Structure formats: C-alpha cells, structure tokens
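**Q** What would the 3D arrangement of this be:
(one chain, ligands or ions: 2)
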Amino acid sequence: MKKREAFSNKTDIENIPGISTVRKKSFASLGITDIGALIDHFPRAYQNRGNIYTIADAPLDTPVSLILTVGTDPKSVKIRGNLSLTKFKAFDNSASCEIIFYNRTYADKSYPRGSTHRFYGKLTRTRGGFSLSSPESEPYYEGAKLLPILPVYPLATGLTQKILRTSVRYALDGLYSEYTDGVSEIREADKDPIPAHIRKKYKLCTKAFALENIHFPESEESLRIASDRLAFEELFLLSVKLSYTKKAQKEKNAPVMADTELGEFLKSLPYELTGAQKKVCEAIQTDMSKPTPMNRLISGDVGSGKTVCAAAGAYIALKNGCQAAMMAPTEILARQHFADLSAMFERLGYTCALLIGATKASEKKRIFDGLKSGEIDFVIGTHALIGDKVEFADAGLVITDEQHRFGVRQRAALSEKTKGVHVLVMSATPIPRTLALILYGDLDVSQIDEMPPGRKKVDTFVVGEPYRERLNAFIRKQVDAGGRVYIVCPTVEEAKPDEDEADLNFEDIFGLFEKEEKSELKSTLEYARKLREEIFPDIGVGYIHGKMKSGEKEAAMSAFASGETPILVSTTVIEVGVNVPEATLMVVENAERFGLSQLHQLRGRVGRGKNKSYCVLVSDAKVGSASQKRLDVMKNKTNGYEIAEEDLKQRGPGDFISTSAEMRQHGKLKLKLAQYTSAALMMNASAAASEVITLDPELEKAENAGLRHALGELDLARSGTLN
Ligand code: ADP
Ligand code: MG
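**A** Ligands and ions are numbered 1, 2, ... in the order given. Next up is the predicted model:
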C-alpha cells in the first residue's frame, strides 16, 4: 500500500477522505478544523461490544452485545403511511429472539438467512420470548476484525458515529503510524508533553498509546490507562501553566503601600471583624506593602463578609494616595456595593463614584475625567469599568467580585489599564484547601471559613416522593406568608430518547460512582408548566435556565424578587450573588444528582432575610445508599468548607475541577477528563509539575521539548496576567 503523507496537529481535516465542504462545516460547529482538534474530540461514552452475552444470560433493557445467526428470512410490512417494520428471528445456542427494525426495508438484504452478526442493543422480554429492537450490527465471520469497544462521540447535525469513527481512525493513523501493508503500527509520538522520567515515575503510558486507546480501546483496562494518562496531562499542564503565571506576576511591579494601618477603617465599621476576616486583612496588609503585585483570591461562602476585606484593601490604597476600583458582574450588585461602601469612604474623606452602563453620559464624562485626574479615589462599577475611556491617574488596587462571572479577558482588562497594580478577586465557591492550591496555583488563596455572628441556620430536610403533597402544601404556605420559593431541577428539557446507546461511561471507567437506579429527572420547563397549570394555578410561577437570553433571565429574576412570580423553577443558573431576602424555601428536585457543594450553594440562596428559611432536598435515593448518605451531610453541616471536604471524600475532585475550569477558562487548555479523576492523581500531577520545573526552570532540556511545545501550542506559556 502507498505510504500516506504524515499528518500533524495543524493539518486541515479536509485531508481526511470523505470530509466534504458540508461536513467540514458540521465539524467546525464542534470546534474541529484541524487534526489536533479532531483527536482531542474524545468520546463521551463507549459501547462495550466485546462482552458477548447469550440471549439466555443477557441482562434485559440495557445495551448488550450478542452474536446471533439469522434464522428466518426478514419480512417487511407497512404498518401505516410512512412506517414500515422489518422482522426476523435470530438465535444463538441458548435461545432465539425476534429482531425488529423500523423503516429499514433494506435490512432484508443485510441479514440473509444463515448469516451471523454481532448485534448491539437492548434485549427485552416479550410474551413469546425475547426481542431486540433496532440494534446496531456488524457481520461476524471467521477472521472478522471487530473492535471490542466502540467510541460514542458527541455529534453535531450532519455527522454520525460512523463518520466520526472513520475520520478519527484515519487521523490517528496519519499522526502515529507507518503504513506497512495497510497494517497500522503505533510508534512513540515525537513529542510527548509529559517527559519520560515523569511517565516512568507515575506509571503513565505514552501520548500515542493514550490517544489510540481513548478512541479505540483494546480493553476496559487500556481505556482506563489512557484516560488516566490524559487526565494527568491536563492537570500537569495546568499546574505548569499556573506556576509560570505566578512567577511572571512576581516579576512585575506594583505600588508599595507604606502605611497599611487599618485602625481608622475598622473603627468606622458597625461591627467587629470575625477571626477569619482579620486573617484575610492581615494577608492583604502584608501583600500590599510589597513592591510585587498582590494576586489574592478571597473565597468564602455567601454572606461570610468578603466585601469588607476587599474594602480594607481599598482603604490601604486610598490612604497611600492611590486609587481603587471594584468591578461587579451586574448593575444590581454594583449599586449594592456602592450604597454600602461609598457612605463609609466619603465619611473617611475619599471621593467615590458609580460607573455602570446606565450611568448618564454627562456623569460618565465627569467620572472619566475624575479618574484620569485623580480626583475620584474609589470607583465601583460593572464591566463599564473596562471601557476604553477609563484611565486611572494612579491605581493601586483593582477588585473583582464574583470573579467566575467574568471572562478571563474582562478581568485582565481591568488590571491592564494600570502600570502595575495589586489585585483582589472574590469568589463564593468554597473549595478544599488542597485543591485550591492546585486549581488556583497562580493566586494566593485566603479562605473565610467562619460566618459573622447571628446567622440563622436554614433547616434542611431530605424527603422522597411520598411527601409530595405535604411539600406542595408547604410551598403554598411560604407563598401565603409573603415568602418566595426556589425549585431547582436538574435539566432544562426532557432528555431526547434517541441518543446513541452506550454502556460504558467515564464515571464507570474511573470507578468513581456507585451505580444506582436512575430515577426520572424533573425538567425545568416541564415542571414549571405542571406547577402553573395543575398545582398552583392561582400563584405566579416563573422559570429561568441557562439557555435564556440575559435580558429574559433578568426579567425572570426581577419578577421573582418583586413577588409577581413568587415561585421560580430553575436550573442551577440562579446566580450566587443575587439577593432575594424574601426567599424562604429552596426545593431541590432529584437532589441526588447534585454535588454537595452545589447543594450548599443552592441552599445559600435562602435565609438571607428576617424570616426562618428551609431547604428541602427531594430524592428517591434508597436508605443506606451513597446518595442518601451524601444528602444526610446537608442536614447536619452548614460550613461550606466542611461540606466541600466531604464532597471531595465522597465524589472526588470532579465537581471542583469543572467549576474552576468554567470560572477560569484556561485558554485552549481544556480540562475534559480531569474531572473524572481521583484526588490522588490530581496531587501527583501537581507534584510532577513542581518536579519538572525544579529540575529545569526554563524548560530548556531536551526531555522537556514536548512540554515546551504543548505550552506554546496552548498559548499558555508566560501570559503574565491574572486570570
Ligand atoms: P459576601 O461574602 O457574600 O460578599 P458580604 O460581604 O456582602 O458577604 O457580607 C454580608 C453581610 O454581612 C453584609 O451585610 C455585611 O455588612 C455583614 N457583615 C460582614 N462582616 C460582618 C461581621 N464581622 N459582623 C457582622 N456583620 C458582618
Ligand atoms: Mg459578595
């Protein structure tokens, strides 16, 4: 066979046979334009077709593989209009079953009597015996090369599993194999981002093996080895990236704050700082007295009092003759901060301004001038602060609130307006310290793990379906008393039934979660309609989900806040920062589907006002199951950090990795498989990154060529800005 030209990651996918202009567009809609992106398009699940069952032994109603011989001639009948049915019998040495296809009259030709096939589908029990409806199949004969495990890819319109499978196969062969007589032979990739000594120490396979086996695994074991290796790589690259970002930060300058005394500021507060707040303020004082920029993340539960710590930083900047800026993700939050902080700072003799989209043009001009001349000391606003016309005379500190709601560019843009500045970001997602050190490796992290005194506990209940009526009565009671009720559902719409079947997921491969019976999932839209039409026809029921436009979301939120729709059915999008003090009840449907930290965030939306608040977790999890135990943690614990630690113990680091990846958007580096790994693997990846950097700080050695190359390709090398 003719030797094919070798591919590189940059090769256009049009070099793959069968990729037409139209298909190219379909691939592009998945973000795939070159070979590199194609092989990075990992399967979402797998079909384990290598596990052959007999009809008699196969589990029912779950996808299985069967090798069957066709026993009767396929017969097609028209049932109605455009629906036809093709049926035939097939057997193995244990039993026989009926095979049914819809609208596939050509099946007559594909399954001649006496032919044998490997079928993959769900076996069901019928009156007369067994039936297999619309299975996938491959001809089975002496010497047939059938893959044991087939990948199931995320698709886009115009693409099929078959197109993806053959395209990826062709791409892998072009990248990694020499063609000899048409038999592909994997050779070691030239450039493996993980140096050989690290692979050896942590028992990781090569990149070539990993890519081959993530797509076309030889066995479940090799699939696990491949996915472990790729997850390790993601976290390893992330750790290396973050340590270079941190190093680059240390090489920059920021104004030295000679006077970090907080006495006057603290005296102006109507309360004492909590111990945790004091520690954060001390860290800020130390950071800001240095000539290198502070890059500190303040994390702490909603209501833990992060704002006042950031304000202490602003006070230090102003006191030392510099300006401060605070950026919030919404106008509501910006106004709230301005109302709270401007009074205090004006009393201390500083000039404050509020800059948001709605600010009048003349006022905007006044603020731009004031910031440029230095007349305005402290500006609070939305992303209007990163507008072109904003210039600072002498900025000392920039603060970003609810940092996850800004894109990387937006956050960086604010500090880039200055010559060198101290930076504080605030986040309301408690995360175990060990993970924070890795996932926020470029930042110094302060945690506020203690609530100001006097917070009321939100009473939490775990209930099952038999409580439905009582729960509905309780919802009504809260609304009648002037309260608001959140009802959170796990999905937006009902799942589509025609998804490609698969019996092997990354969760199973990594062995993370115990398999449990899946209960029916409540969907936001369906459930909102049901509540509105059947259960609470006399009460306003609104809904909100992530696919709505931001204007629609805001309208839904304000109708809820005003009491026009006192019941809000929602996915988890309801924003962390939004404050509806009248909300007294949080109901979470299919609660076993959520991580503990997520449940904790949801619960934090209530209990913000004067009235007693409740959280009801609805779940059919069985008594004694892992889900049930997890939900019980919510009943007993209120501290976000303790809950996060428990979450890590029970479910691994996945949820934290995926939220942090969403929050931080690490350029082209995607954390796809990392979220399925164990905490141990994550620690190893981080340790490996430190080892490599310690041995070769500039990554000049030949063994690190692949790593250097990967960092370059991902644009993550030495971006010096906080993100
Ligand atoms: P978050 O961390 O969610 O941003 P905030 O900074 O908005 O929380 O604080 C929540 C509320 O708690 C505010 O009304 C604030 O004035 C109040 N607060 C903050 N610290 C203390 C404290 N040490 N003692 C009493 N109340 C406090
Ligand atoms: Mg806040």
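**Q** Please list all residues in contact with whatever residue of the stretch 1-150 of the chain ends up closest to ligand 1.
**A** Relative to ligand 1, the nearest point of the stretch 1-150 of the chain is Gly31 (35.3 Å; Cβ to the nearest ligand atom). In this view, the C-beta of every residue, glycine as well, is placed from N, C-alpha and C. Under the criterion of Cβ atoms under 8 Å, 6 or more residues apart in numbering, the neighbours of Gly31 are Ala37.
**Q** before we move on, what about Val488?
**A** Val569, Ser570, Thr571, Thr572, Ile574, Met586, Val587, Val588, Glu589, Leu602.
**Q** cool, and Gly71?
**A** With Cβ under 8 Å, 6+ apart, Gly71 has these contacts: Phe88, Lys89, Ala90, Phe91, Ser96, Arg113.
**Q** Grab the nearest non-local neighbour of it.
**A** Distance criterion Cβ to Cβ, 6 or more residues apart in numbering; nearest residue to Gly71, sequence neighbours excluded, is Lys89 at 4.4 Å.
**Q** and that neighbour, what does it touch?
**A** Counting by Cβ under 8 Å, 6+ apart, Lys89 has contacts Val70, Gly71, Thr72, Ser96, Cys97, Glu98, Ile99.
**Q** Check for me that it belongs to a helix.
**A** No: counting by DSSP: H, G, I helix; E, B strand; the rest coil, Lys89 falls outside a helix, being strand.
**Q** Low-confidence ranges, the protein, go.
**A** 1-3, 177-190, 403-405, 407-408, 494-499, 511-519, 574-578, 714-723 (pLDDT under 70).
**Q** Most neighbours among the contacts of Val488, which one is it?
**A** In terms of neighbours by other Cβ atoms under 10 Å, the contacts of Val488 top out with Val569 at 29 neighbours.
**Q** leaving aside the residues next to it on the chain, what's closest to Thr286?
**A** Thr286 sits nearest to Thr260 (Cβ to Cβ, 6+ apart), 7.9 Å away.
**Q** where's that neighbour, which helix or strand?
**A** Per DSSP states H and E: Thr260 is located in neither a helix nor a strand.
**Q** Count the neighbours of it for me.
**A** Thr260, neighbours per other Cβ under 10 Å, totals 19.
**Q** Look at Thr86 and tell me its secondary structure.
**A** Once three-state DSSP is applied, Thr86 turns out strand.
**Q** who are the neighbours in contact with it?
**A** Applying Cβ under 8 Å, 6+ apart, the residues contacting Thr86 are Pro74, Lys75, Ser76, Ile100, Phe101, Tyr102, Arg104, Thr105, Ala107, Asp108.
**Q** buried residues in the host helix or strand of the third one?
**A** Here Ser76 sits within strand 75-80, counting by DSSP H and E. Using 16 or more other Cβ atoms under 10 Å as the test for burial, strand 75-80 gives Ser76.
**Q** If you rank the contacts of Gly71 by neighbours, which is first?
**A** Ala90 (27 neighbours).
**Q** Quick check: that one touching Ala107?
**A** No: at 11.9 Å, Ala90 does not count as touching Ala107 under the criterion of Cβ atoms under 8 Å.
**Q** So which bits of the strand or helix carrying Phe474 are buried?
**A** Using DSSP H and E, Phe474 sits within helix 468-480. Across helix 468-480, burial judged by 16+ other Cβ under 10 Å covers Leu471, Phe474, Ile475, Arg476, Gln478, Val479.
**Q** Leaving out sequence neighbours, find the closest residue to the residue of the stretch 51-200 of the chain found nearest ligand 1.
**A** Of all residues in the stretch 51-200 of the chain, Pro154 sits closest to ligand 1, at 36.1 Å by Cβ to the nearest ligand atom. Distance criterion Cβ to Cβ, 6+ apart; nearest residue to Pro154, sequence neighbours excluded, is Arg44 at 5.1 Å.
**Q** contacting residues for that neighbour?
**A** Arg44 touches Val152, Tyr153, Pro154, Ala502, Asn505, counting by Cβ under 8 Å, 6+ apart.
**Q** got it, and Tyr153?
**A** Here Tyr153 is in contact with His41, Pro43, Arg44, Gln161, Leu164, Arg165, Val168 (criterion: Cβ under 8 Å, 6+ apart).
**Q** tell me which residues in the lengthiest helix in the chain are buried?
**A** Longest helix in the chain by number of residues (criterion: DSSP state H): helix 220-250. Residues 220, 222-246, 249 are the ones in helix 220-250 that count as buried (16+ other Cβ under 10 Å).
**Q** Go through the next helix-or-strand element following that helix and flag the buried ones.
**A** Downstream of helix 220-250, the next assigned helix or strand under DSSP H and E is helix 263-267. Neighbour counts using 16+ other Cβ under 10 Å place Phe265, Leu266 of helix 263-267 among the buried residues.
**Q** Tell me which other helices or strands helix 263-267 touches.
**A** Applying 3 or more Cβ pairs under 8 Å, 6 or more residues apart in numbering; DSSP states H and E, we find helix 263-267 packed against helix 306-319.
**Q** does the helix it packs on come close to ligand 1?
**A** Yes: contact of helix 306-319 with ligand 1 is found when judged by Cβ under 6 Å from any ligand atom, involving Lys306, Thr307, Val308.
**Q** And what about the closest residue to ligand 1 within the stretch 151-300 of the chain, helix, strand or coil?
**A** Going by Cβ to the nearest ligand atom, ligand 1 is nearest to Tyr271 of the stretch 151-300 of the chain, at 3.6 Å. What three-state DSSP gives for Tyr271 is coil.
**Q** residues near it, how many?
**A** 12.
**Q** Pro329 too?
**A** 20.
**Q** how much space between it and ligand 1?
**A** 12 Å (Cβ to the nearest ligand atom, to the nearest Å).
**Q** which parts of this structure sit against ligand 1?
**A** 271-274, 277, 300, 302-308, 428, 452.
**Q** thinking again about what came up before, can I get the strand holding Ser76 in CSV? Just the C-alpha atoms.
**A** C-alpha atoms of strand 75-80 as CSV (Å, rounded to 0.1, in the frame of the first residue of the first chain):
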residue,chain,number,x,y,z
LYS,A,75,-40.1,-9.8,6.3
SER,A,76,-41.1,-6.2,5.9
VAL,A,77,-44.7,-4.8,6.3
LYS,A,78,-46.1,-1.4,6.0
ILE,A,79,-47.8,-0.5,9.3
ARG,A,80,-49.1,2.9,8.4
